[in-house]
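In: Need coordinates for the following:
(one chain, ligands or ions: 2)
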Amino acid sequence: MYWQKKLETMDAEELRALQLKQLNLSIARAKNAPFYRSRGLREVKSLEELQEIPFTTKQDLRDGFPYGFLAVGLNEVVRLHSSSGTTGNPTVVFHTATDIDQWANLVARCMYMTGVRPGDVFQNTMGYGLFTGGLGFHYGAEKLGVLTIPIGPGNSKRQIWFMQKFGTTVVHILPSYAMHLYSIVEELGIDPKADLKLRIAFIGSEPHSDEMRRQIERLWGVKAYNSYGLSEVCGPGVAFECPEQNGMHIWEDSFIVEIVDPATGRVLPDGEEGELVLTTLQREAMPLLRYRTGDLTRILPGRCPCGRTHRRIERIKGRTDDMLIVNGVNIFPIQIERTIMRVPGVGKNYLIEIHEERHMDRLHVKVEVDREVFHGTLAELTGLKERLTEELKTELTVTPVVSICEPGSLPVSEGKAKRVVDLRTKNK
Ligand code: AMP
Ligand code: ZN
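Out: Ligands and ions are numbered 1, 2, ... in the order given. Below is the predicted model:
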């Protein structure tokens, strides 16, 4: 049931002792990187003293491009990855052979936790390359001893063909792509529940609601587990759902977790929502101290019935910069997703646009509906549009303009879905 029973179930006190020891090792290693050398770090006597160390930000990583965070000699690094940045220098991340091995071990731990075993057939539809979703899971799956198909993203018909021919049982897939791929399966007249052997899907890399997860489970006939990670501290394998599917265990033998107020940086108590801050405890090539992930979540109180003692974080609500302000009202895209997904026949794909109309913001929500729904009567479609408008208004306190779209008409990206288009001139 456990990949590493002792580590996964160690009591809080033992875990804290391990963290303190590893933290000092990380600090000592970090001092070898030009960025941290200038910060005058010193050993800490307790975990509480960690709070005296300043944060490391994404901007610091950009400023340190290309080698400012490298804490070992070039002769010791074997891999470089990069984060999906939008502007400026990309953030690059280095790994020693031991880093790669430890990362693979974390991914294997996550996969094992959900019941994957040798004998399963694992199809990895995430991008291979600088993005960590592909190679990160690949090495983890191989470590676990599972037949791994490194198919990568795209080419939907081929994905399905592989699933059929090799009897794929486990898939790693972007939630947005899982919805899109289902429409191709439908088109081909395949019933995933009867014609495929899939039983587990790992979904992550982008924010998604529990409603979206349940849809994926229903459509594909699988159990879908939320997978969280970021390339700055390795990639997938940082936090993962166990069979309870109630929050993600964050591996505290490898990371120290803090939740801080995004505005003030104040550390918040367990249970309060804020920005996730991570300190790496195992990384050699590029240790990070108090890295501000930009991701909003909270620590779930209480112990998990699965027996693992590592605390759980709640599903990511979005990034601090994902918040939309529409006529002064704060909205997270995931609130919109959650609402539309509750309406049957709606939401396999959707797009949020913000327009500027006569100096006011106007929220447009475009939703794809199932084919049968789309070919319904005008009265049915009008009724659906009104219902969606009403439910979104209740959730957001803003009245959106809802458009019902034909299935397959909204853009689908090969990587992470781009759900929001902000057309306001003031945001250009
Ligand atoms: P990258 O470093 O390019 O892989 O991007 C990492 C970022 O993707 C994280 O900081 C999150 O913002 C987002 N992300 C990754 N996994 C999840 C997840 N399961 N739920 C929500 N957002 C996620
Ligand atoms: Zn658990």
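In: could you list every residue that touches residue 400?
Out: Counting by Cβ atoms under 8 Å, 6 or more residues apart in numbering, residue 400 touches 336, 363-365, 389, 392-393. In short, each C-beta sits where N, CA and C put it, glycine included.
In: From residue 347, how far off is it?
Out: 14 Å (Cβ to Cβ, to the nearest Å).
In: near ligand 1, which residues of this structure?
Out: Taking Cβ under 6 Å from any ligand atom as the criterion, the chain approaches ligand 1 at residues 83-84, 132, 204-207, 226-231, 293, 295, 316, 319.
In: and those residues, which are buried?
Out: Listed as buried from the residues of the chain next to ligand 1 are 83-84, 132, 204-207, 226-231, 293, 295, 316; burial here means 16 or more other Cβ atoms under 10 Å.
In: Among those residues, which ones are in strands?
Out: Under the assignment DSSP state E, these contribute 204, 226-229, 293, 295 to strands.
In: Mind putting these into CSV with distance to residue 169?
Out: Listed next are these as CSV, based on distance: Cβ to Cβ, whole Å:
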residue, distance to residue 169
204, 18
226, 19
227, 17
228, 23
229, 22
293, 32
295, 30
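In: Residue 19: which of those residues is nearest?
Out: Of all those, the one sitting nearest residue 19 is residue 293; the distance, using Cβ to Cβ, is 18.1 Å.
In: Who are the contact partners of that closest one?
Out: Applying Cβ under 8 Å, 6+ apart, one finds that residue 293 lies in contact with 230, 232, 275-278.
In: which one of those residues is nearest ligand 1?
Out: Relative to ligand 1, the closest of those is residue 230; by Cβ to the nearest ligand atom it sits at 3.7 Å.
In: Can you give me the pLDDT of the closest one?
Out: Taken from the predicted model, the pLDDT recorded for residue 230 is 97.
In: Thought residue 238 was touching it, still the case?
Out: Yes. With contacts counted by Cβ atoms under 8 Å, residue 230 reaches residue 238, the gap being 6.8 Å.
In: in stretch 409-425, what counts as buried?
Out: 410, 412, 415-417, 419.
In: can you list contacts of it?
Out: Residues lying outside stretch 409-425 but in contact with it, judged by Cβ under 8 Å, 6+ apart, are 84, 127, 131, 153-154, 174, 176-177, 180, 205-206, 322, 324, 333, 337, 349-356, 361, 366, 368.
In: Might you report the residue contacts of the residue lying closest to residue 22 once chain neighbours are set aside?
Out: Using Cβ to Cβ, 6 or more residues apart in numbering and skipping residues adjacent in sequence, the residue nearest residue 22 is residue 281, 3.8 Å away. Under the criterion of Cβ under 8 Å, 6+ apart, the neighbours of residue 281 are 19, 22-23, 25-26, 253-256.
In: Kindly indicate which of those residues lies nearest ligand 1.
Out: Distances from ligand 1 to the contacts of residue 281, taken by Cβ to the nearest ligand atom, are shortest for residue 255, at 13.2 Å.
In: Give me the neighbour count for the closest one.
Out: One way to gauge burial is a neighbour count; for residue 255, by other Cβ atoms under 10 Å, it gives 26.
In: Those residues of this protein touching ligand 2, which are they?
Out: The chain comes close to ligand 2 at residues 242, 244, 304, 306, 308, as judged by Cβ under 5 Å from the ion.
In: Just name the closest of those to ligand 1, please.
Out: Comparing these against ligand 1 with Cβ to the nearest ligand atom picks out residue 242 as the nearest, at 14.3 Å.
In: thinking the closest one is in contact with residue 309, fair?
Out: No. Taking Cβ under 8 Å as the contact criterion, residue 242 and residue 309 are not neighbours in contact, 11.8 Å apart.
In: And the residue of the stretch 251-400 of the chain found nearest ligand 1, how close does it get to residue 276?
Out: Ranking the residues of the stretch 251-400 of the chain by distance to ligand 1 (Cβ to the nearest ligand atom) places residue 316 first, at 3.5 Å. Computed as Cβ to Cβ, the residue 316 to residue 276 distance reads 8 Å.
In: what residues are shared contacts of these two?
Out: Taking Cβ under 8 Å, 6+ apart as the contact definition, residue 316 and residue 276 share the neighbouring residues 295-297.
In: what's the closest of those residues to ligand 2?
Out: Taking Cβ to the ion as the measure, ligand 2 lies nearest residue 297 of the shared contacts of residue 316 and residue 276, at 16.1 Å.
In: The closest one is in contact with residue 315, isn't it?
Out: Yes. In this structure, residue 297 is within contact of residue 315 by Cβ under 8 Å, at 7.3 Å.
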